[in-house]
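In: Using only what follows, build the 3D model:
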Amino acid sequence: MERKAALRRVGLVVLVGNVLLVAAKAAVWARTGSLALGSEAVNSLTDVAYSVVILGGLYLTTQPPDLEHPHGHERIEPFVSLFVAAGIFAAGGAILWRSIGSILSGSIAVAQGPAAAVVLVLSAAVKFGLYRYCLRVAASNNSPAVTATAVDNRNDILASVAALVGVLGAQAGYPILDPIAATLVAGAILYTGVEIVSDNVNYLVGAAPPDDLRGEIVRRALAHPEVEGVHDVVAHYVGPEIDVSLHIEVEGEHTLLSAHEIESEVIESIRDLDEVDDVFVHVDPRELGEWKDDYAEQLAARDGE
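Out: Numbers count the residues shown, from 1 in each chain. The predicted structure follows:
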């Protein structure tokens, strides 16, 4: 329940913040005609659109398991993140097209007065607050969709700074800096999309988790006093969470009841890892000699160095 409330809350906070920013930027852009500020308004409008998607996606991912989705709905999150990335690419491409066209045509509007600079400073401050908030929620709840939102907010800070440089440079007598700043904003937006796609591909293709996490899974299995060995260790992403399957070796003299207790204790130990969702453990009698050359043996050899 705590994770559900946290994820839904962050979606709502980000949506409200972006709506306020797009209203402020659009109003000043309409008065000044600054291309850099206009690109920032488009960026914020895109943020509003993806915030709606994030809010809806987080609502779906926090639904409880049902007959059709017995493991819950968390696996929707990477798709939400990729939808965000698609919108980011579209916005970045549009801004890049306009800024390059403005440079080539020489048609550049210069923003007059302090309003443009003030709204860009305000935007950077709001985005920094959203970045820190989203990063904290994403880390504590293992949410790739909120992580994508945090990354976008971080790059929006850089985009606002670039736009601010463009506006101030244009007012100082260098109008070419305005479309150049818009180009930099577009680059930051596109880079955000690349980061989000890169971060979420592994969740969708069932990639293995990092070595240190796989090593911790093996260590937890071997930490049980009755476990003599571990083999056939498979850990892979299913959405943002990890499913684990492995074989443990115990003395063959154990009763079925005691072997089941060992299995349950190993499962609970591994499941205590925040990133892990499901754990499947197969119990083998040690006397069968089924030890195989896999990650557990590699881990033991590396730790002995």
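In: what sits up against the host helix or strand of residue 263?
Out: If you go by DSSP states H and E, residue 263 is part of helix 256-271. With contact meaning C-beta atoms under 8 Å, 6 or more residues apart in numbering, helix 256-271 is reached by 217, 220-221, 223-224, 226-227, 244, 248, 250, 254, 276, 278-279, 281, 283. Just so you know, the C-beta spots here come from the backbone N, C-alpha and C atoms, and that holds for glycine as well.
In: chain center to that helix: distance?
Out: When distances are taken as C-alpha atoms, centre = their mean, to the nearest Å, helix 256-271 is centred 33 Å away from the chain's centroid.
In: from memory residue 119 sits against residue 28, does it?
Out: Yes. Applying C-beta atoms under 8 Å, one finds residue 119 in contact with residue 28, separated by 4.9 Å.
In: Name the residues contacting each of the two.
Out: residue 37.
In: So which residues of the stretch 201-305 of the chain form strands?
Out: Assigned by DSSP state E, counting those that start in this stretch, the strands in the stretch 201-305 of the chain fall at 229-238, 241-250, 276-285.
In: Among those strands, which comes closest to residue 134?
Out: In terms of C-beta to C-beta, the element of the strands of the stretch 201-305 of the chain nearest to residue 134 is strand 241-250, at 19.3 Å.
In: buried ones in that closest one?
Out: Buried residues in strand 241-250, defined by neighbour count with 16 or more other C-beta atoms under 10 Å: 241-244, 246-250.
In: Those into JSON lines, with extra columns for distance to residue 192 and pLDDT?
Out: Below are those laid out as JSON lines (distance: C-beta to C-beta, whole Å; pLDDT from 0 to 100):
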{"residue": "241", "distance to residue 192": "24", "pLDDT": "78"}
{"residue": "242", "distance to residue 192": "26", "pLDDT": "86"}
{"residue": "243", "distance to residue 192": "29", "pLDDT": "88"}
{"residue": "244", "distance to residue 192": "32", "pLDDT": "92"}
{"residue": "246", "distance to residue 192": "37", "pLDDT": "91"}
{"residue": "247", "distance to residue 192": "42", "pLDDT": "91"}
{"residue": "248", "distance to residue 192": "43", "pLDDT": "90"}
{"residue": "249", "distance to residue 192": "47", "pLDDT": "88"}
{"residue": "250", "distance to residue 192": "49", "pLDDT": "89"}
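In: one step back: tell me the angle of the helix holding residue 263 relative to strand 241-250?
Out: 140 degrees (axes from the mean of the first three to the mean of the last three C-alpha atoms, to 10 degrees).
In: quick one: helix 256-271 to strand 229-238, angle?
Out: Helix 256-271 and strand 229-238 are oriented at 50 degrees to each other (the same axes, to 10 degrees).
In: change the start of the numbering to 8 and stick with it
Out: Taking 8 as the first residue, the last one we looked at is helix 263-278.
In: which parts of helix 263-278 are buried?
Out: 266, 269-270, 272-274, 276-277.
In: Kindly reformat the residues you listed as a markdown table containing distance to residue 47 and pLDDT.
Out: Listed next are these as a markdown table, based on distance: C-beta to C-beta, whole Å; pLDDT from 0 to 100:
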| residue | distance to residue 47 | pLDDT |
| --- | --- | --- |
| 266 | 63 | 90 |
| 269 | 59 | 93 |
| 270 | 56 | 93 |
| 272 | 55 | 94 |
| 273 | 53 | 94 |
| 274 | 50 | 93 |
| 276 | 50 | 93 |
| 277 | 46 | 93 |
